[in-house]
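1. this is the structure alone, sequence omitted:
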């Protein structure tokens, strides 16, 4: 029953919000609900939880099963941290129809939680779509100038992927022993090698688009740029994890043989994407696009590592899912403050933030170094394990991927220099008083960055069971 | 001991947090006392640790597991042994003096920036201590990147100046290139041995498990890391630019401590390096080439700090020459003496710059001897020490390296002597132009010339004493000493090998190097006590003055092409090819949809026809076990 609260809290709050008109009350309810989810997530970390199981679509033999292992928990925790952080940090932004906006955000949260908890393939698919649809409205209504075209592309692209996955689900379902959607049944589905290859391809496309894996990534920078930043934060901190989650939870355990035979292709594409996105990030002038490409690069490393199928690397990914979310969230919040207060995201018009708002500049530098995985920040632990795994798989691929370590330093420090250092630019000079709420959130996040960077052991403990399931046969 | 060793590292960290978080709260006085006090505390604890290990040998303490996961573990262990204890003393000792010096040197900064400066400086010491105290390569790597970060922050300390920011970024990125090599070496070790702890990796048993290719590759990769941090060819150009930072920073980070990290690392892993003849030659050749290249550049520079920066690069080259020929204790010896005299020289330069109101061009100085008596005499001691004049410290350490080089190959020795001559020349060119002759600055500057306050001269005096006498720790048996340092390092390096050179040869080599150095320094004084260098007239002069155009070469041969490549990816591949294909697919769908619309004619017959066709297709697929799709897959796999 307890796991159900991760769905009920946001959904109830989302419905309530539709009937509230005053913006400050709307904010209060949304933040309250998000914090409640966070408390629930923290409770879940320290207490054993049992799976929730109820009948759902008896005709199809699909069940409403929610269950949480380490992988689910770490992503539920990330989601639960992200939403209150986003609501508080962007709370002062002016948004038309704020109640609807936040209501849709909460529906997204419910969808995400469902994706990470579902133990039934059809239910998983249902939440997968539930998370996508509110985002479509959020982007297309509250987005930037080019929102219609961009959102359309984003929607069609990811929706297409989802459809492939649905076909894949039906295919595997038809081959299960007693025709149900349980993950365990799916693992033992009676698939021939060819069927497994096809099902693998169908699932893979959905996840590859979501992550995204090169060259299926072009929807992402546009979507990140055009979405309202609060939505970008959700997309980038949490939603891309859906693809990686799908790979770990479904793709690799369900189709091990096909995954193995396609591993080299996926790893190659991922590493190409990693370098490719890093190079492009160097040439970006728009802060949001820079972070978008940086994020694509980081995801590329994670997907490459997953397909090396080694426990040490997978452990790195399990941690990095969380760490990447925290770090990128910090960067987006800073980018949002800057955009809100200066009216621009173009780095050539920025500069001198360290003089104007020293605290924010310090936070920017701290998150920047977390973004390039400096030791004792959270990202180092994950990246170290991931590169290690790539190296064991193939030293040359690891060396090639390693170049991104240098490229990341180049684009990230470029950004720091152009935004924080130098003389105070005209737009930066316009900045008003520091946004205390957002800075408070950033401070909490940076504390997480360093604590989990110096002492990552709790994260290892949390994800231990998933690792065992995957690698101890 | 666990607590003492822990606090050697923790004091500076506490100092960083104290000043960093309280930068808007504390007065400058509080900041100065605290920051310096924490480093002094660390120094005292280092002495305690040092004394302790003299009695009971190396101590390793375990704090917690940094990474502990299925069949892989990185413990957070610190180790004080013969090697790390020496580095501890140098880092915290010289570090304390430089903190003290900074309290006066940075006086003009506003309180929050003053606190920021000391926070960075404390953080640097923390990272450096972690680097040398770590008991495995990953802890070393944490400190390794940490000092890179602090160096970045301190070079760009005056962040409104974009030239400085570029220098800071350049330093970090070049270091990162080296760090990548280091990382790959660590991965290689993990892949082959499954561990990165010194006590497990650096043993004969581990060595036996590695093929010679493994050893050569690992040591070369480690050396790439050392190249970055210790500014060797080709990754040296960041160090001269790093002089953008405040002068005490140059003294601490870019001369005395951080840049010696590479030497520390190789000495630490000497058992691996000794096992690869090839790597040894690579290191020796890179080292001596760097030493000579940087020395030629130093001859033509006019910025007091730039001369010292190239001198540092050159001296580091000597240390690598020593490592390459197997003279590990000689290299460590030179690290120690160099830390004293180069910190002294930089701080002396800072004192000069302070007196000259931020003038750094030596052509506009001259005759400072009488105005800055303490700075003058201490600077002179530094110059004598670096030039290798006995009995000052530099003589002993440099000589040990050169002798080992001779034993390996006389060519190394000849090149080393040429470099030593240049060193003596450029150092005394610097000395004479700055302190001798007539004052060439403005009236205003002449009026304000003053000796620096006590907080700045005291470190100069102490370092001058150390530079003069530190050679005593390594007096060779030849001269009746018993080389305390090499005995000290026996647990790390093993019993030193019998010297292959006869006493006669040794005396002769020593005599030649001292004579040449003396000649070079006398020439330099004679030329430059009267006048400063004019603009370079000859092609060679301009070539050296412009630092062999290496920055330009890197810019045109590496940076620009990569930049263009990135631009090409962004503008052409991303926009036209990939996104073009995606959008093209979209258009194709729209186009076919327009055509397909005709199918939806409203005639029920067509609908039924399509439905039946669809069902038939599905059934065919189903019963053939989707053989068509399988066929397609086989087709793609074949192609």
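-> Looks like it came in fine. Worth saying up front: this structure is predicted, and the values here are computed from it rather than measured.
2. okay, CA-based contacts and neighbour counts for the rest of this
-> OK.
3. what residues does the stretch 101-250 of chain A put near chain B?
-> Contacts of the stretch 101-250 of chain A with chain B, taken as Cα under 8 Å from any Cα of the partner chain, map to A:194, A:195, A:198, A:215, A:218.
4. count the neighbours of the fourth one for me.
-> Close neighbours of residue A:215, defined as other Cα atoms under 10 Å in any protein chain shown, add up to 17.
5. does chain B have contacts with the helix or strand harbouring residue A:453?
-> Element membership of residue A:453, judged by DSSP states H and E, is helix A:436-454. Yes. Helix A:436-454 comes into contact with chain B (Cα under 8 Å from any Cα), by way of residue A:454.
6. other SSEs contacting that helix?
-> Where contact means 3 or more Cα pairs under 8 Å, 6 or more residues apart in numbering or on different chains; DSSP states H and E, helix A:436-454 is packed against helix A:70-89, helix A:311-342, helix A:358-371, helix A:378-393.
7. what comes up buried for the last one?
-> Under the neighbour-count criterion of 16 or more other Cα atoms under 10 Å in any protein chain shown, helix A:378-393 has A:378-393 buried.
8. now that helix: mean pLDDT?
-> When pLDDT is averaged along helix A:378-393, the result is 94.
9. now the element after it, going C-ward?
-> Remark: after helix A:378-393, the chain's next helix or strand is helix A:395-420, criterion DSSP H and E.
10. whichever residue of the stretch 351-500 of chain B sits closest to chain A: which element?
-> Closest approach between the stretch 351-500 of chain B and chain A, counting by Cα to the nearest Cα: residue B:358, at 20.6 Å. Residue B:358 belongs to no helix or strand when assigned by DSSP H and E.
11. how about residue A:239: what's its closest non-neighbour residue?
-> Closest residue to residue A:239 apart from its sequence neighbours, by Cα to Cα, 6 or more residues apart in numbering or on different chains: residue A:112 at 7.3 Å.
12. on the pLDDT front, check that neighbour for me.
-> What the model reports as pLDDT for residue A:112 is 95.
13. next: residue B:86.
-> At residue B:86, pLDDT is 92.
14. can you check the one 10 residues further on too?
-> In this model, residue B:96 is scored at 94, pLDDT.
15. same deal with residue B:268?
-> For residue B:268, pLDDT reads 93.
16. pretty sure residue B:200 sits against residue B:207.
-> No. Look at residue B:200 against residue B:207 with Cα atoms under 8 Å: they stay out of range, at 10.0 Å.
17. residue 91 - nearest residue in space that isn't next to it in sequence?
-> The chain I'm using is chain A. With Cα to Cα, 6+ apart, the residue lying closest to residue A:91 is residue A:27, at 6.9 Å.
18. right idea, wrong chain: chain B
-> Nearest to residue B:91 is residue B:257, by Cα to Cα, 6+ apart, at 6.2 Å.
19. let me know the pLDDT of the one you found.
-> Looking at residue B:257, its pLDDT reads 90.
20. quick one: residue A:24 and chain B, what's the gap?
-> To chain B, residue A:24 is 33 Å away according to Cα to the nearest Cα, to the nearest Å.
21. can you list the low-confidence ranges for the stretch 451-600 of chain B?
-> Within the stretch 451-600 of chain B, the segments meeting pLDDT under 70 span B:496-500, B:598-600.
22. contact residues of it facing chain A?
-> Contact residues (Cα under 8 Å from any Cα) of the stretch 451-600 of chain B with chain A: B:563, B:566, B:567, B:569, B:570, B:574, B:578, B:579.
23. change it to 7 Å
-> Proximity of the stretch 451-600 of chain B to chain A is confined to B:566, B:567, B:569, B:570, B:578, B:579 under the rule Cα under 7 Å from any Cα of the partner chain.
24. for the chain, which segments count as strands?
-> Chain wasn't specified; assuming chain A. A:52-57, A:62-66 (DSSP state E).
25. that's the wrong chain, I meant chain B
-> Counting by DSSP E, chain B has these strands, from start to end: B:59-69, B:72-80.
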